[in-house]
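**Student:** this is a predicted model, with the sequence first.
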Amino acid sequence: MSRLVVDVPDYPLPGVMFKDITPLLADHAGFSAVIDALADVARDDDGNVLVDKVVGMEARGFILAAPVALALGVGFVPIRKVGKLPRATHAVSYSLEYGEATLEVHQDAIAPGERVLLIDDVLATGGTVAATRKLVEVCGGTCVGVAVLMELSNLSGRATVGDLPISAITSV
């Protein structure tokens, strides 16, 4: 898989090493393997699905989370940047590796008691995951875990996420 992820230095800002996953997405075998691995996080040893919804964070998290939700036979919920959702939302602001951001979810996207798997492409500082967890919990849902394509271990995102189980296909 590492051959299908391209490092782009100084993007979007100087000092940031961007992980370009578009070659991976263009490779059917690689993309399929990633979706299968992410979906497996939400299944028990007998193959039973352990979640009611899959959440994907804007924007690359959408690309991974939607097919995972289909593979699991559950619903997909997009977590969007502020101002992108047309109905009543919950919002959480947080810090990124290179700035500040606000995420939103429709207030009715996750029902109280629903079990939710969070999916994103990269776990960096953990701010996006922590904010998304808050949004799920404000809706009344329960986060059962996080699944990511890659973890940037030098940025200590796990510490920000806390006790939520994290599964990373690869760590760099």
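**Tutor:** Looks like it arrived, so ask away.
**Student:** which positions in stretch 16-35 come out as buried?
**Tutor:** 19, 21, 24-25, 30-31, 34-35 (16 or more other C-beta atoms under 10 Å). Bear in mind the C-beta positions are built from the backbone N, C-alpha and C, glycine included.
**Student:** and it, how far from the chain's centre?
**Tutor:** Counting by C-alpha atoms, centre = their mean, to the nearest Å, stretch 16-35 is centred 14 Å from the centre of its parent chain.
**Student:** average pLDDT for that stretch?
**Tutor:** Stretch 16-35 carries an average pLDDT of 95.
**Student:** on that earlier part again, adding secondary structure and distance to residue 151, write the buried residues of stretch 16-35 out as CSV.
**Tutor:** Output for these, formatted as CSV (DSSP: H, G, I helix; E, B strand; the rest coil; distance: C-beta to C-beta, whole Å):
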residue, secondary structure, distance to residue 151
19, strand, 11
21, coil, 14
24, helix, 16
25, helix, 19
30, helix, 18
31, helix, 19
34, helix, 14
35, helix, 18
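**Student:** can you give me the helices for this protein?
**Tutor:** 22-26, 28-40, 60-72, 127-139, 157-161 (DSSP state H).
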